[in-house]
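# Based on what follows, work out the 3D shape:
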Amino acid sequence: MQLRAALLLSFPALIYAQSCSNYGVESSSSSCLCPPGFGGSTCAEPGCGGTIFDGSNRPLAQASSSGGFPNLTASGCTCESGWAGTGCNVCTSSAACQSGYAKISGSTTPTGETGVNDTMVCNTAPTVYAAGELSCQVNNPTLQAIYPLQSTLNILRTLNASLSPLSSASSISLPTSSISAQLFYAGIEQFACSASPCTQSTTNSSSTNTTTWTCENLACTCVPNTTFCGGVPVSNLTTTINGLTGTLTITCDTTSTCHFQQSVLQNLFGSAGLAMEGCVFGECVAQGFIDAGNGITAQTSAGGTQLGGGVIAGLVVVGSLIFIALVGVAWGYILQRKARRGGSGGEQHGGVGVQFKDISFLVRSQSSSYGFLGEKGEEKTILDCVSGSVEPGRMMAVLGPSGAGKTTLVELIAGKHKAGISSGSITFPASSSPTQTSPRIAFVPQHDTLPSALTVREALTFAARLRLPESLTSPSPSSASQPNADFLSTHVQSLITALGLSDVADTRIGSGGGSEGGMGAGGRGRGISGGEARRVSIGLELVGCPDVLVLDEPTSGLDSVSAMRVVRVLGEVARGGVGGGDGSEEGKGRIGGGKGVAVVMSVHQPSSRLYHTFDSVLLLSHGRALYSGPGGFAPVEHLSRAAGGGNAGSAGGGGNQNEGAPHRAYPEGYNVADYLLEIASDPPVGLFRASGGGEVLGTTMSPSSSDEEKGLVARERGPAVHGQRARGTYAATFLTQLEVLCGREWKVLRRDKSLFVTHVCVASVLGVFCGGLYYQTGTTIAGFQSRIGCLFFLGALIAFSSLSALANIVEIRPLFMRERSNAYYSPTAWLLSRFLFDVVPLRIIPTIIVSSVTYWMAGLAHDAAHFFKFLFILVLYTLVMTLFNFLLGAFFRNGGIAILLSALTALYQMTFAGFFVHLESIPPVLRWLQWLCPLKARSAYTLEALSVNEVGSGLMIQDQLQGVPVDVSATLIMQLLFGFGTNNYYRDVLVLFAFIAGFGVAVIGVVWIKVRERR
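Alright, predicted model coming up:
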């Protein structure tokens, strides 16, 4: 019943309300001047027999004796020979036109223009040359279920009234470029319509010729109390019919079929409008006018359609984006070539020392779990006025028990971001004249974070290409004969040899050695050992030819042999005897250019043999320095003297006891490192007093009040080395960064096929499952529901399957932060490479597979245009959800929280998509949330675009409700259930593009601002 009521309310009728019906004109007398085919005092009586040329002498249909409306059927009207159609207004032969015209003019030919063939003929084609009549039967099943008797539609199309002989037979002037139409039901006129101005065009194809009339300013009026217009109260369409306005299109072809198209009709009966069959066309006109083809626009069609404004706008946007991308690539290529031609890289490195003075660092702890509300906890001192220095070519060990501040000190020296307040100064004096502002400082963290899917050689080569000048690693086309053309491979190989990694050079790093942040499952198996992984981590820093090398506990977790091997390599680095050099003749084959590198490392518990390899030692205890100076037995001698002096000082001060544990003498043959750690674990206070008295490094330490007030560590540069970029910039250009990153991603994708294969297999299985579930969906009401359900299922599937993008970001995040902190590449280049090698193989390809299989199995719109528009929307939605998950993965360190929020967001989208709950029934306080849902159905976004695309193919609902046949457009059902806008497809595309742009900018912003190394 609801469907029937909707049909009744939506079906337009055609009528007008004025004293003269059917567009007659009031005369000076009481009667009206009537158009052709009508008569009577009000022009409400249709012609009954006779010809259209009879004018006021034509017999008319009469009302019944008991009153009512003129009825052509009840009047028993019959047409004369040569005339047809309801009311006998359509000519069928030239003889009928000539005899009819002769009655009013006395001649069988009109007086036409000079030189024009004025033979009167009957044009029975759909095309009009002057003014033509057509009469059609309206045989829509749904309409006939409500109105079972015969419905016919008469239309007078006037192109040029001056050329028509009807102008002589009519008592009024026919309006040029206009139409007038009347609908008859069971022989009684129900409504009439008019529209003007009109244009006529013809389309010629190999199969048929089509004539189209497009008219503006449509106006329709009901005949009161007729069947359509109040005679049956339950089906009173007066308000609907009288309210019809806008554009009217009438298309007719040579198969005697016409379509009456108006927006309300198209929503009800489909894009083709109200179909009319058994049409007869007739126009009495001079042959010369037919030959001239006056006023007709001819078009030759090969079956294609013109591009709409939305398509053109979309193409402009896409073209602009492509143009911008090409300009960016061209500019990047210019910068890349300039960098690769920028010299041979003969700058000197090494010879840089490290001096740190009065380094203090403290953190504030929250006093309670509510500290984030503003309560400040106590300040905890991690370092307290620690000073020391390391000369180039020497190696310093920072010793101390757990919690002494070793890691904090080496991270401050390396310039890492620390969450706390620091003060003091760190300088890097150089042995050569200054030409640069910042040294190369390499830092090796305590935990190895390596690309597990790469081999050792590939990992070192990757680092070298990004951390060395491009003129060394990527020679320009003209440098093939230069001596450094093969510098990259030589440099990497020399590092591999020096680090003792030749046996595993082509072995994947894997995760068996304890490395974190791997690159996919291709490296999750057992790879190199822990000691080898530690040496690879060192090699990744050495590959950039650093001036200063800082390491945090490089021997932790290693056996004594592996630890000794690592430290021996570091000793060679300190002396400048490791690596492939920097390309200069002086420094070729040696990091530091032969001048040596300052090496600072924290060591937890070295063996005796390991301890004696260090040139100098810094001993920390509770954040303070007990000793800083030469290694070997010098610390023992210093502590012994300090303990003795401390006791004397205490006695002289009035006390004879040391606070803390008593000083323990060094046992002969005991491991010096163990002895120092024992002393540092519970040192006598006298040792702090001694170390604070200025004996450390033989310098007097005085804190800088300005530094303390600022809470910053001032990093200064002494006489500098040559040619190094400023800290925070990149050695490689953006295009090279993207090229190298994409190369790594491609290798990982080739070796880790499990994720790609899984996505493809799952997409294929789900495509078959979904296609089978909705196999060859019918055009019934239940079938339409299944179609929308199929589209919704695909959107929900994409939302949940994109969770793997989040997992990938969480997995790769530690490696990215380490490489970013060491200025390997720009975050933008990394994001772009991840986007290309995650979205295309793992998102777009599976989406195309599952969508294509489902689309054709489910029997959706069977044409290429709608299929590719369907795919386009799903690909856009895939990009939206992928970027959204990228955003969650970047914003939250905890992958569990990110996955939870992503899953809840997917459920939220399903709720506000309009499929499970009618959006108008949601309380207003929550209803606004629908506009933040990319899958939202009502008025915008993915589900609407998919559904509008589907019904836009001309989908008709053909069903029966309680025995009543239903043959209506699917657009009507969509509007009733969801409120779709039938012209919103391209608007939805723009909205999805807006989501993509918004999430993309947000991801870039979060990665630049938040995803950085903080210690």
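
# May I ask which helix or strand encompasses residue 967?
strand 964-969 (DSSP states H and E).

# try residue 182
Element membership of residue 182 [criterion: DSSP H and E] is strand 178-185.

# Give me the buried positions along that strand.
Judged by neighbour count (16 or more other C-beta atoms under 10 Å), strand 178-185 contains these buried residues: 178-185. For every residue, glycine as well, the C-beta is placed using N, CA and C.

# gap between the helix or strand that comes right after it and the chain center?
Note on strand 178-185: by DSSP H and E, the next helix or strand toward the C-terminus is strand 188-195. Chain-centre distance of strand 188-195: 52 Å, with C-alpha atoms, centre = their mean, to the nearest Å.

# And the helices in the stretch 1-150 of the chain?
2-10, 94-105, 141-146 (DSSP state H, counting those that start in this stretch).

# what about the closest residue to residue 49 other than its chain neighbours, neighbour count?
Nearest non-adjacent residue to residue 49, counting by C-beta to C-beta, 6 or more residues apart in numbering: residue 59, 5.0 Å away. Neighbours of residue 59 under the rule other C-beta atoms under 10 Å: 15.

# Give me the buried positions along the strand holding residue 967.
964, 966-969.

# Next: stretch 836-846.
Using 16+ other C-beta under 10 Å as the test for burial, stretch 836-846 gives 837-839, 841-844, 846.

# cool, and stretch 268-284?
Using 16+ other C-beta under 10 Å as the test for burial, stretch 268-284 gives 268-276, 279-284.

# Point out the ones among the residues you listed that are inside strands.
If you go by DSSP state E, the buried residues of stretch 268-284 have 274-276, 279-284 in strands.

# nearest to residue 52, of those?
residue 284 (7.8 Å; C-beta to C-beta).

# residues in contact with that closest one?
52, 91, 97, 100-101, 120-123, 164-166 (C-beta atoms under 8 Å, 6 or more residues apart in numbering).

# could you dump the residues you listed to TSV with pLDDT, distance to residue 258 and neighbour count?
Listed next are the contacts of residue 284 as TSV, based on pLDDT from 0 to 100; distance: C-beta to C-beta, whole Å; neighbours: other C-beta atoms under 10 Å:
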residue	pLDDT	distance to residue 258	neighbour count
52	85	20	27
91	92	18	31
97	90	22	28
100	85	25	25
101	84	26	23
120	86	25	25
121	89	22	20
122	92	19	22
123	91	16	21
164	85	20	26
165	84	24	25
166	79	21	26
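
# Which one of the residues you listed is nearest to residue 986?
residue 123 (40.8 Å).

# Which stretches in the stretch 851-1000 of the chain count as helices?
864-891, 895-911, 924-927, 941-951, 970-977, 985-1009.

# Return the most buried member of the ones you listed.
Mean neighbours per residue, mean count of other C-beta atoms under 10 Å, is largest over the helices of the stretch 851-1000 of the chain for helix 941-951, with a mean of 27.

# Let me see the mean pLDDT of that one.
For helix 941-951, the mean pLDDT works out to 84.

# what angle sits between it and helix 864-891?
Orientation check (axes from the mean of the first three to the mean of the last three C-alpha atoms, to 10 degrees): helix 941-951 against helix 864-891 gives 170 degrees.

# for helix 941-951, packing partners?
helix 781-801, helix 864-891, helix 970-977, helix 985-1009 (3 or more C-beta pairs under 8 Å, 6 or more residues apart in numbering; DSSP states H and E).

# For the third one, name the packing helices and strands.
Read it as helix 970-977. Checking 3+ C-beta pairs under 8 Å, 6+ apart, helix 970-977 ends up next to helix 2-10, helix 263-269, helix 781-801, helix 941-951, strand 956-961.

# for this protein, which helix is longest?
Using DSSP state H to define each element, the chain has its longest helix at helix 309-340.

# Sort out which residues of it are buried, please.
Using 16+ other C-beta under 10 Å as the test for burial, helix 309-340 gives 314, 332, 336-337, 339-340.

# Ok, stretch 166-176 next?
Of the residues in stretch 166-176, 166-167, 169-172, 174-176 count as buried by neighbour count, 16+ other C-beta under 10 Å.

# Next, format these as CSV and append secondary structure and distance to residue 898.
Output for the buried residues of stretch 166-176, formatted as CSV (DSSP: H, G, I helix; E, B strand; the rest coil; distance: C-beta to C-beta, whole Å):
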residue, secondary structure, distance to residue 898
166, helix, 77
167, helix, 78
169, helix, 81
170, coil, 78
171, coil, 81
172, coil, 77
174, coil, 73
175, coil, 69
176, coil, 69
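
# doesn't residue 132 make contact with residue 160?
No. Between residue 160 and residue 132 there is no contact under C-beta atoms under 8 Å: 11.1 Å.

# Have a look at the two and say which one is more surrounded.
Per other C-beta under 10 Å, whichever of residue 160 and residue 132 has more neighbours is residue 132, with 26 against 18.

# Pretty sure residue 441 sits against residue 414.
Yes. Counting by C-beta under 8 Å, residue 441 touches residue 414, with 5.6 Å between them.

# Now do the shared contacts for these two.
Common contacts of residue 441 and residue 414 (C-beta under 8 Å, 6+ apart): residue 550.

# quick revisit: so among the buried residues of helix 309-340, where is pLDDT lowest?
Minimum pLDDT across those is recorded for residue 314, with 61.

# hang on, the earlier thing: and the two most separated of the buried residues of stretch 836-846?
Taking C-beta to C-beta as the measure, the buried residues of stretch 836-846 span a maximum distance of 14.2 Å, between 837 and 846.

# returning to that earlier point: using PDB, write down the CA coordinates of the strand holding residue 182.
Written as PDB, here are the backbone C-alpha positions of strand 178-185 (Å, rounded to 0.1, in the frame of the first residue of the first chain):
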ATOM      1  CA  SER A 178       5.900  25.000 -28.200                       C
ATOM      2  CA  ILE A 179       4.000  21.900 -27.400                       C
ATOM      3  CA  SER A 180       0.500  21.200 -26.000                       C
ATOM      4  CA  ALA A 181      -0.500  17.800 -24.700                       C
ATOM      5  CA  GLN A 182      -3.700  16.100 -23.400                       C
ATOM      6  CA  LEU A 183      -4.000  12.800 -21.600                       C
ATOM      7  CA  PHE A 184      -7.300  10.900 -22.200                       C
ATOM      8  CA  TYR A 185      -8.400   8.100 -19.900                       C
END
